[in-house]
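**Q** Return atomic coordinates for the entry below.
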Amino acid sequence: MKSKKKQDQKTARIPEIVDGDASTELAEKSSDTLPAPFELKGSEVGLRDPLQLYLKEIARFPMLEPDEEYRLAVRVREKNDQDAAFRLVSSHLRLVVKIAMDFQRRWMQNALDLIQEGNVGLMKAVQKFDPEKGIKFSYYAAFWIKAYILKFIMDNWRLVKIGTTQTQRKLFYNLNKERQRLLTQGFDPTTEVLSENLNVSQADIEEMDQRLSKNDMSLSQPVGENSDATRMDFLPALDPGVEEKLANDEITGLLIDNLKTIEPLLNEKEVVILNDRLLSEDPVTLREIGEQFGVTRERVRQIEARLLKKIREHLTDQVQDFSRDWIEEDA
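**A** Numbers count the residues shown, from 1 in each chain. The predicted model follows:
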């Protein structure tokens, strides 16, 4: 029986986040010493919410007591023990979800993508952790998880909305109201018309439409039939601990400070786009910037795309904590 149990442990897998055809195996991004992803049954994939399915899978992994966590970390450090690494990773998957959902709320990214990258950071933390230094593993892992998530955001930079809460709030309250008003007056509430009337970009309209069209889910709903864990258990705390708040403030401030340092490298149009769109609480539209400089909206969009590429390259060079020197992709 012991040999069979040991064999089962070696073949155990970390759950993979399945998001249509875009799912990526964590094993391809981690070293060979860490376990490969859990392969979900094809009959279940696509029939249910991918995030709910993933939460159900990770809810079955137990949390570790401090002394057990220490012993496992020692085994990984001294013997490169894959079974121990698996248990450390699987017991902290909830931590990844909490951090990823916090970033998703602030950066408007796909939560599944952020969880996927956070899991890679968690695996790196298991590899690097030294239990003899007296640091709690979850605290150490949190920084690696955040580092990989932030690097993913940088590498996949779109119109990252730093501080656009005001725009999102305005859309939330006014989008459907404005659409209904136009219909009542006999007008077609197209994305372009709504964008002009509400003074926001068409991309913001489309994004909010997607958010408003999603089905509501009960936070008290169990993530699995045989589990007491609920969706609420995976949401970030409303009142984060002092350490996490300081870390989040430091990370956000670091990004914004480094964004401002790129200004001397930009031309006049790029500076306006940076300050009035990317860093603004209430960003102006592409049309407004086009009118200011006498160019088309499409031309402004092209300039913005070029600016975002410059920003990504600049941040990779400047933000040392999350540069290639710190996150060793080949390690």
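
**Q** Low-confidence ranges, the stretch 151-300 of the chain, go.
**A** Residue ranges of the stretch 151-300 of the chain with pLDDT under 70: 154-173, 210-260, 281.

**Q** For it, which segments are assigned as helices?
**A** Ranges of helices in the stretch 151-300 of the chain, per DSSP state H, counting those that start in this stretch, are 165-184, 191-198, 202-213, 242-260, 268-273, 286-293, 297-318.

**Q** Show me this structure divided up by domain.
**A** For the chain, automatic domain parsing gives the domain ranges 2-155, 160-226, 241-331.

**Q** what sits against residue 66?
**A** residue 136 (Cβ atoms under 8 Å, 6 or more residues apart in numbering). Yep, even glycine has a C-beta here, placed from its N, CA and C like the rest.

**Q** State the distance from it to residue 92.
**A** As judged by Cβ to Cβ, to the nearest Å, residue 66 and residue 92 stand 13 Å apart.

**Q** Once you drop chain neighbours, what's closest to residue 306?
**A** Closest residue to residue 306 apart from its sequence neighbours, by Cβ to Cβ, 6 or more residues apart in numbering: residue 270 at 7.7 Å.

**Q** is it true that that neighbour touches residue 305?
**A** No. Residue 270 lies out of contact with residue 305 (Cβ atoms under 8 Å); the separation is 11.1 Å.

**Q** higher neighbour count, these two?
**A** Remark: of residue 270 and residue 305, residue 270 carries more neighbours, 18 against 11, as counted by other Cβ atoms under 10 Å.

**Q** That one and residue 280: what is the separation?
**A** As judged by Cβ to Cβ, residue 270 and residue 280 stand 14 Å apart.

**Q** buried stuff in stretch 123-136?
**A** Neighbour counts over stretch 123-136 (16 or more other Cβ atoms under 10 Å) mark 123, 124, 125, 126, 127, 129, 131 as buried.

**Q** just checking, the first one touches residue 89?
**A** Yes. Checked against Cβ under 8 Å, the pair residue 123 and residue 89 is within contact range at 5.9 Å.

**Q** still on that earlier bit, which ones among the buried residues of stretch 123-136 map onto helices?
**A** 123, 124, 125, 126, 127 (DSSP state H).

**Q** can you pull the contacts of the third one?
**A** With contacts defined as Cβ under 8 Å, 6+ apart, residue 125 is in contact with 137, 140, 141, 143, 144, 145.

**Q** so how far is residue 270 from it?
**A** Distance check for residue 125 against residue 270: by Cβ to Cβ, it reads 37 Å.

**Q** Then the first one?
**A** Per Cβ to Cβ, residue 123 is found 38 Å from residue 270.

**Q** now swap in the fourth one and tell me
**A** As for residue 126, its distance to residue 270 is 41 Å (criterion: Cβ to Cβ).

**Q** ok, now residue 119?
**A** Note on residue 119: its distance to residue 270, by Cβ to Cβ, is 35 Å.

**Q** again with residue 278
**A** 10 Å.

**Q** what do these two both touch?
**A** residue 307.

**Q** now what about stretch 288-308, what contacts it?
**A** With Cβ under 8 Å, 6+ apart as the contact definition, stretch 288-308 has outside contacts at 157-159, 266, 269-270, 272-274, 276-278, 285-287.
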